[in-house]
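Sequence and predicted structure below; questions after.
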Amino acid sequence: MLDPVTRPQAGLAVRCSRALLSPWSRLSLLLVVLASAAVTVVLYEPQRLLSAGWPPQVGGAGAVVLFAMAYGLCTAAFVPRPILNLAAGALFGSQAGLVAAVGGTVLGAGIAFTLGRLLGQEALRPLVRGRWLEAADGQLSRHGFRSMLAIRLFPGVPFAAANYCAAVSRMGYAPFLLATGIGSIPNTAAYVVAGSEAASPTSPAFLFAMGFILLSGLGAAVVAWCKRHRLRSR
């Protein structure tokens, strides 16, 4: 039994812990983390370190693994993936660069998904209102793998936005990560090849990669327009 002096203190501690662990407190923490990451990217530009081959003393498979880890952190901090994909190709060539870029893509998506799921889902799910938001949430929740695969194949939805939208939905980790890994390969490979062949802009590989990037972007725009037209017509 608690004595009359310690009982109010215990009650205060319980209320404080509940407030700190409440959905809105966790969402506020998520916003602080994301804002800090964005400011860090703006101030320190870590993508420049990666494109310069940092750290120079590491080579071989270790460099590929280290690059993939740094890539994942950078994408979680909103560094544009095309820049990192081009850097992966320039540093490691087409094959090793693709491994590093896809590995970093999955890692970065997993970090963002975890942050969104743990810190933002409970607070944001009640705010999912409106025809577009409800349609997107229902699609991601019921057909997670297929929907995320389509999003990754047609890069019309920003990478970070897709990660956090999936985290707020009821999609599971496995379909999210698997669809991200498979669906990001074609577009990522195009950028990696372009980076590896940047010194020869008239080579067939470079021209094919750039053509694929342009066509995939155009395809994403067409798909987005069709989806928007369907939602408006309902």
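Noted; the coordinates are in hand. Numbers count the residues shown, from 1 in each chain.

Where does residue 48 sit, in terms of helix or strand?
helix 46-51 (DSSP states H and E).

quick check, distance from the helix or strand just after that helix to the centre of its chain.
Sequence-wise, the next helix or strand downstream of helix 46-51 (DSSP H and E) is helix 60-76. Distance, stretch centre to chain centre, for helix 60-76: 15 Å (C-alpha atoms, centre = their mean, to the nearest Å).

mind exporting the helix or strand in which residue 27 is found as CSV, just the C-alpha atoms?
In this structure, residue 27 sits in helix 23-44 according to DSSP H and E. Listed next in CSV are the C-alpha coordinates belonging to helix 23-44 (Å, rounded to 0.1, in the frame of the first residue of the first chain):
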residue,chain,number,x,y,z
PRO,A,23,-0.4,9.0,-30.0
TRP,A,24,0.0,12.7,-30.5
SER,A,25,3.2,12.9,-28.4
ARG,A,26,4.7,10.1,-30.6
LEU,A,27,3.6,11.9,-33.7
SER,A,28,5.2,15.1,-32.5
LEU,A,29,8.4,13.1,-31.9
LEU,A,30,8.2,11.8,-35.4
LEU,A,31,7.9,15.3,-36.8
VAL,A,32,10.9,16.4,-34.8
VAL,A,33,13.0,13.5,-36.1
LEU,A,34,12.0,14.1,-39.7
ALA,A,35,12.6,17.9,-39.4
SER,A,36,16.0,17.2,-37.8
ALA,A,37,16.9,14.8,-40.6
ALA,A,38,15.9,17.3,-43.2
VAL,A,39,18.0,20.1,-41.6
THR,A,40,21.0,17.8,-41.3
VAL,A,41,20.8,17.0,-45.0
VAL,A,42,20.6,20.6,-46.0
LEU,A,43,23.5,21.6,-43.7
TYR,A,44,25.9,18.7,-44.3
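
quick one, it and helix 60-76 angle?
Put simply, helix 23-44 runs at 120 degrees to helix 60-76, going by axes from the mean of the first three to the mean of the last three C-alpha atoms, to 10 degrees.

Quick one: mean pLDDT for helix 23-44?
Helix 23-44 carries an average pLDDT of 79.

can you give me how far it is from the chain middle?
Per C-alpha atoms, centre = their mean, the centroid offset for helix 23-44 relative to its chain is 15 Å.

Output the contacting helices and strands for that helix.
helix 81-115, helix 121-124 (3 or more C-beta pairs under 8 Å, 6 or more residues apart in numbering; DSSP states H and E). Where C-beta positions appear, they are placed from N, C-alpha and C, glycine not excepted.

List the buried residues for it?
In terms of neighbour count (16 or more other C-beta atoms under 10 Å), helix 23-44 has its buried residues at 26, 27, 30, 34, 37, 41.
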